[in-house]
Structure formats: structure tokens, C-alpha cells
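1. A structural model of the following input is requested.
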Amino acid sequence: MTRLLGAILAGGESRRFGSDKAEAMFDGRPLIEHVIAALRPAVDELIICGRTRGDIRGVADRPAPGMGPLGGLNGALHDGSARGFDAVLAVGCDTPLLPPGLLGRLQASAGPAYVARLPVIGYWPTALAFRLDAFLAEDRKHAIRGWAEAVGAEAIQWPSLANVNEPADLVALSRKSPG
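-> Okay, the predicted model is just below:
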């Protein structure tokens with residue numbers, strides 16, 4: 001049975017949002033709380049990359065803060081590898097409405113996989129940890145899509161995923177929410 005580590009990528013600077021978007025309120029709770037609630041039942045353990053929160057252990061971005069989502073993913077892969085996890089299921093802190101079935105679809109992939117429209121959501125075997133170190137050490141753009149291509153990850157097509165990058169995104173999402 002695969003040991004799966006859930007990683008919430010939450011170490012970003014929220015420049016476009018203008019304040020800490022992980023803590024922005026949606027339906028009476030911070031965005032990150034929605035992600036925690038959706039991810040926790042799908043994994044064996046949960047961590048937060050780039051910060052700590054309550055009883056959930058924090059993991060530092062690797063090799064350093066400011067590397068974007070790949071820095072958080074790299075921290076999670078190394079943490080998971082060192083602690084005997086087979087794979088990391090990664091989700092951004094700004095995706096509060098994870099649809100039923102999406103996380104299972106990612107886990108069902110034969111290898112690494114990510115959501116084509118929102119690549120911060122992905123399934124990554126921990127065996128890739130040192131390859132991600134090497135990728136981040138190269139003088140290139142450090143984008144998740146580039147990393148996914150480098151390791152032959154499957155791009156999962158999934159319609160309509162809410163992602164909050166700017167205050168207007170949160171306003172629009174709140175208007176659609178039944179809560």
C-alpha cells in the first residue's frame with residue numbers, strides 16, 4: 001500500500017493578492033482551512049510547506065524560501081522520502097474547492113501527475129526528490145510545468161477549478177458559493 005504525504009504549498013508571498021491569501025476568509029474560514037479539510041482524508045499525514053499551522057507540521061521550502069511552488073514541493077519530497085512516504089500529493093493553499101474525485105484521479109496515475117490547468121496540484125513520487133534538487137540548481141525558469149515535462153508527468157485534464165490569486169478571484173468565488 002502506498003504511503004501518501006499530503007503537502008499544502010503555502011510559502012508564497014501573495015504579491016498579487018496583497019496580503020496573506022492562505023488566511024483570507026472564504027465561507028467563514030481561511031482558505032487554507034478548506035484545503036486542509038479536503039486533503040486530510042485522502043492522505044496518511046499532512047504537512048504545510050513554508051509555514052506552520054496549529055497541529056500540522058511545517059516543512060521549509062528547499063533549497064530556500066522564495067523558490068515558488070517548486071521550493072515547497074521539493075521540501076515536501078525530501079521530507080516524505082526521509083520519513084518513508086512513497087509519494088506526495090501537493091495542493092496550493094489557494095484552491096479551496098477541491099472537487100470530489102480529483103485527488104483520487106491523481107493517485108491513480110502510473111507515475112507523477114498534475115492538473116493541466118492548475119499544475120500546483122499534483123502527485124509526485126518521493127523518489128524524484130534529488131532530481132528536483134538538480135532541476136532547481138539549473139539556470140532556468142523554475143516552473144512546475146517545466147519540472148513536470150522534465151520528469152514525464154501526466155497532465156490530467158480537469159474542468160473548472162477555483163484558484164484564488166487576486167482579491168477579485170475571492171470575491172467572484174464568494175458570489176458563486178452557496179454558503
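2. Any figure for the gap between residue 168 and residue 174?
-> Distance from residue 168 to residue 174, counting by CB to CB, to the nearest Å: 11 Å. All C-beta spots, glycine's among them, are computed from the backbone N, C-alpha and C.
3. Is residue 81 in a helix, a strand, or coil?
-> Following DSSP: H, G, I helix; E, B strand; the rest coil, we place residue 81 in the helix state.
4. contacting residues around it?
-> 126, 127, 129 (CB atoms under 8 Å, 6 or more residues apart in numbering).
5. Now, of those, which are buried?
-> Buried members of these, counted by 16 or more other CB atoms under 10 Å: 126, 129.
6. Out of the contacts of residue 81, the closest to residue 161 would be?
-> Nearest to residue 161, judged by CB to CB, of those is residue 126 at 24.7 Å.
7. Check which helices and strands whichever strand in the chain runs longest sits against.
-> As assigned by DSSP state E, the longest strand anywhere in the chain is strand 118-125. If you count contacts as 3 or more CB pairs under 8 Å, 6 or more residues apart in numbering; DSSP states H and E, strand 118-125 packs onto helix 69-82, strand 87-92, helix 102-107, strand 113-115, helix 144-150.
8. who's in contact with the third one?
-> With CB under 8 Å, 6+ apart as the contact definition, helix 102-107 has outside contacts at 2, 4, 38-39, 42, 87, 89, 113-115, 121-123, 156, 158, 161.
9. Output it as CSV, nothing but the C-alphas.
-> Extracted in CSV, the C-alpha atoms of helix 102-107 (Å, rounded to 0.1, in the frame of the first residue of the first chain):
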residue,chain,number,x,y,z
LEU,A,102,-9.7,14.8,-8.3
LEU,A,103,-7.3,13.7,-5.7
GLY,A,104,-8.1,10.0,-6.3
ARG,A,105,-7.6,10.5,-10.1
LEU,A,106,-4.2,11.9,-9.5
GLN,A,107,-3.3,9.0,-7.2
